[in-house]
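J.: heads up, no residue letters with this:
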Ligand SMILES: CC(C)(COP(=O)(O)OP(=O)(O)OC[C@H]1O[C@@H](n2cnc3c(N)ncnc32)[C@H](O)[C@@H]1OP(=O)(O)O)[C@@H](O)C(=O)NCCC(=O)NCCS
C-alpha cells in the first residue's frame with residue numbers, strides 16, 4: 001500500500017535509508033510517500049514540486065534490501081507519475097547505479113544530461129525526465 005509518510009514512519013525509514021541524512025523535513029512537508037507491506041515500511045520516495053526550473057523533481061527513492069526486485073520501487077514511481085500527470089517529472093541517479101538506471105529505462109524515462117562534480121570525486125549524476133501521462137498503465 002502506498003500512502004503519505006508520517007513521523008511515526010521515520011525509524012523504519014532510517015533503518016534502510018542509504019542517503020545518510022534524515023527524511024523528517026520531507027515528511028513534515030508532505031513530500032514523502034511510503035510503501036507499506038505487512039505493516040512494515042519497505043520503500044519511500046520524496047518529490048519536490050517545482051524544484052527544477054518549474055518541474056517536479058524526485059529527490060530520493062529507496063527500497064529496503066530484502067524487498068528489492070519485487071516491484072516496490074516501480075510502484076512508488078508509478079504513483080508519483082500519476083500524481084504529476086501532465087507534468088515533466090525529473091529524476092537523477094549516479095551513472096554507476098545500474099538497478100536505478102534499469103528501472104528508469106523500463107519506465108520510459110529519457111536521459112536529459114550528465115552533471116559532473118555533484119558527488120564529490122565520485123560518479124557523475126545522470127538526469128532523466130518523463131512526460132507523465134494519465135494513461136500510463138505500467139505499475
Ligand atoms: C533502485 C531501487 C530503488 C530499485 O527498487 P526495486 O523495488 O528493487 O525495483 P523494482 O523491483 O521495482 O524493479 C523494477 C525494474 O527495475 C530494474 N531493476 C531493479 N533492480 C535491478 C537490478 N538489481 N538489476 C537490474 N535491473 C534492476 C528491472 O528492470 C526491474 O524489473 P524486473 O524485476 O521485472 O526485471 C533499489 O535498488 C534501491 O533502493 N537502491 C538503493 C537506493 C538507490 O539507489 N536509489 C536510487 C537513487 S535516487
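T.: Right, received. Where do you want to start? Please read these numbers as outputs of a predicted model, since none were measured by experiment.

J.: contacts, neighbours, all on C-alpha from now
T.: Noted.

J.: Lowest mean pLDDT among the helices and strands of this structure, which one is it?
T.: strand 40-52 (a mean of 93; mean pLDDT, DSSP states H and E).

J.: Which of the three states applies to the residue located most distally from the centre of the chain?
T.: Farthest-out residue of the chain from its mean C-alpha position, per Cα atoms, centre = their mean: residue 121, at 23.4 Å. In terms of secondary structure, residue 121 is coil; the call rests on DSSP: H, G, I helix; E, B strand; the rest coil.

J.: what about it, distance to the ligand?
T.: Per Cα to the nearest ligand atom, to the nearest Å, residue 121 is found 17 Å from the ligand.

J.: Pull out the buried residues from the biggest helix by length in the chain.
T.: In the chain, assigned by DSSP state H, the helix with the most residues is helix 72-83. Neighbour counts over helix 72-83 (16 or more other Cα atoms under 10 Å) mark 72-82 as buried.

J.: same check, this time on stretch 86-99
T.: 87-95.

J.: Keep these, but drop any that are not near the ligand.
T.: Checked against the ligand using Cα under 6 Å from any ligand atom, the buried residues of stretch 86-99 yield the following neighbours: residue 93.

J.: Including pLDDT, could the buried residues of stretch 86-99 go into CSV?
T.: Below are these laid out as CSV (pLDDT from 0 to 100):
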residue, pLDDT
87, 95
88, 96
89, 97
90, 97
91, 98
92, 97
93, 98
94, 97
95, 98
